[in-house]
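K.L.:
coordinates only, sequence not included:
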């Protein structure tokens, strides 16, 4: 049971993908327990429509090994197509739909058809990236079912909101020791008390065996006693719930001051004209880095300008040093093989735009393009 069973590949959305080896026990034990917790009705065999690649961490919950332990059925379709996904729900009648937030938003934004049938669904499950509150609400309205947020990675982390009786706010749920224990540590690796922010670490039945042919990664991402360093910032509250606050690496350093990209993205997502928002740093000869907001506009309202977004963010109390100084409007967010937003592609496009315009030029170009379409910008 503790021999190698399969290799998962990380998404590579921020860096080169990592190959992670898992044992039979981790799949049929740890991951199967996790999947079982998503199914409170044990009389109904699970039918999973998994829209993400099965080689990814999120997609691995749909693998035959995991589902076989529960007597379930795996439904797949490729490539991703929002309308096609809805047709598959109607035709194959899955109990659960698994997708990353970008996919869910594209599905939820489709006009409803009179013959649309999603009544088989018991829940919509999101993972792979933080789930914006607006996307979660759009899915609840579209499907009339709970939306479960899953926090996890190919490195063996897991926590989710299934079974939460009350909306957990920005919590990703309560860790299950039968799947993975979670602790928070400081910069020196010392465990931190409740309420303190630090790096999220995990250890448990779902912990992988090792990184494949990469001992240097084991040394970097594992402690001497086996805990996996996630690279994520978070805290455990007084009720034992985990709050994920962002990536350690997902920061912009502007004039020597750190800016959390996740924080700015969350605030941008509250603007009514923004369907999706991703922030990336772009190099700057003066300040080191400046912030670029990459925005997919919502259907209906006018395309937001940089000034519109700045006014909105200032109104929400965001510090001036955290305000984006560039805007890149996109028709669709670029996705990597795992279905997650590819930050490297956005950084490349944003860097090219900023080099062309400069901060002030970006503002002026933005102001002059209020009436232009997203494609023109």
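P.N.:
Looks like it came in fine. Please read these numbers as outputs of a predicted model, since none were measured by experiment. Numbering: from 1, shown residues only.
K.L.:
for whichever strand or helix holds residue 104, packing partners?
P.N.:
Using DSSP states H and E, residue 104 maps to helix 101-108. Applying 3 or more Cβ pairs under 8 Å, 6 or more residues apart in numbering; DSSP states H and E, one finds that helix 101-108 makes contact with helix 82-92, strand 123-126, helix 133-143, strand 274-284. For every residue, glycine as well, the C-beta is placed using N, CA and C.
K.L.:
Would you reformat those as TSV and include mean pLDDT?
P.N.:
What follows is these, written out as TSV (pLDDT from 0 to 100):
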stretch	mean pLDDT
helix 82-92	96
strand 123-126	94
helix 133-143	91
strand 274-284	93
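K.L.:
Mind checking these for the one nearest to residue 26?
P.N.:
When the helices and strands packed on helix 101-108 are compared by Cβ to Cβ, strand 123-126 sits nearest residue 26, at 19.7 Å.
K.L.:
Paired strands for the closest one, with orientation please.
P.N.:
For strand 123-126, the paired strands and their directions (DSSP bridges) are strand 96-99 (parallel), strand 147-152 (parallel).
K.L.:
Which positions in stretch 324-342 come out as buried?
P.N.:
324-330, 333-336, 338-342 (16 or more other Cβ atoms under 10 Å).
K.L.:
got it, and stretch 130-145?
P.N.:
For stretch 130-145, by 16+ other Cβ under 10 Å, it's 130, 131, 132, 134, 135, 136, 138, 139, 142, 143, 145.
K.L.:
give the contact list for the first one.
P.N.:
Looking back up the chat, that one is residue 130. By Cβ atoms under 8 Å, 6 or more residues apart in numbering, the residues touching residue 130 are 101, 244, 262, 265, 266.
K.L.:
helix/strand/coil for it?
P.N.:
Assigned by DSSP: H, G, I helix; E, B strand; the rest coil, the conformation of residue 130 is coil.
K.L.:
so how far is residue 177 from it?
P.N.:
24 Å (Cβ to Cβ, to the nearest Å).
K.L.:
circling back: as JSON lines, the helices and strands packed on helix 101-108 with distance to residue 223 would be great.
P.N.:
Output for those, formatted as JSON lines (distance: least, Cβ to Cβ, whole Å):
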{"stretch": "helix 82-92", "distance to residue 223": "40"}
{"stretch": "strand 123-126", "distance to residue 223": "29"}
{"stretch": "helix 133-143", "distance to residue 223": "34"}
{"stretch": "strand 274-284", "distance to residue 223": "29"}
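K.L.:
Buried residues, stretch 67-83. List them.
P.N.:
67, 69, 70, 72, 73, 74, 75, 80, 82.
K.L.:
how close does the closest residue to residue 180 other than its chain neighbours get to residue 105?
P.N.:
Excluding the flanking residues, the one nearest residue 180 by Cβ to Cβ, 6 or more residues apart in numbering is residue 204, at 3.7 Å. Distance of residue 204 to residue 105, given as Cβ to Cβ: 31 Å.
K.L.:
swap in residue 46?
P.N.:
When distance is defined by Cβ to Cβ, residue 46 is 24 Å away from residue 105.
K.L.:
So for the buried residues of stretch 67-83, which is the shakiest by pLDDT?
P.N.:
By pLDDT, residue 69 ranks lowest within these, coming in at 74.
K.L.:
ok, that residue - contacts?
P.N.:
28, 32.
K.L.:
likewise residue 193?
P.N.:
So residue 193 contacts nothing (Cβ under 8 Å, 6+ apart).
K.L.:
Check the one 5 residues further on too.
P.N.:
By Cβ under 8 Å, 6+ apart, the residues touching residue 198 are 184, 185, 186, 187, 192, 233, 234, 235.
K.L.:
surely residue 210 meets residue 219?
P.N.:
No - counting by Cβ atoms under 8 Å, residue 210 stays clear of residue 219, with 10.9 Å between them.
K.L.:
out of these two, which sits in the more crowded spot?
P.N.:
In terms of neighbours (other Cβ atoms under 10 Å), residue 210 is the more surrounded of residue 210 and residue 219; the figures are 15 against 11.
K.L.:
got the phi/psi numbers for that one?
P.N.:
phi -180, psi 170 (degrees, to the nearest 10).
K.L.:
try the one 10 residues further on
P.N.:
Comment: the main-chain dihedrals of residue 220 come out as phi -80, psi -40, following degrees, to the nearest 10.
K.L.:
Kindly report the same for the one 10 residues further on.
P.N.:
Listed backbone geometry of residue 230 is phi -80, psi -30, with angles given as degrees, to the nearest 10.
K.L.:
With the one 5 residues further on instead?
P.N.:
Note on residue 235: its backbone torsions stand at phi -150, psi 160 [degrees, to the nearest 10].
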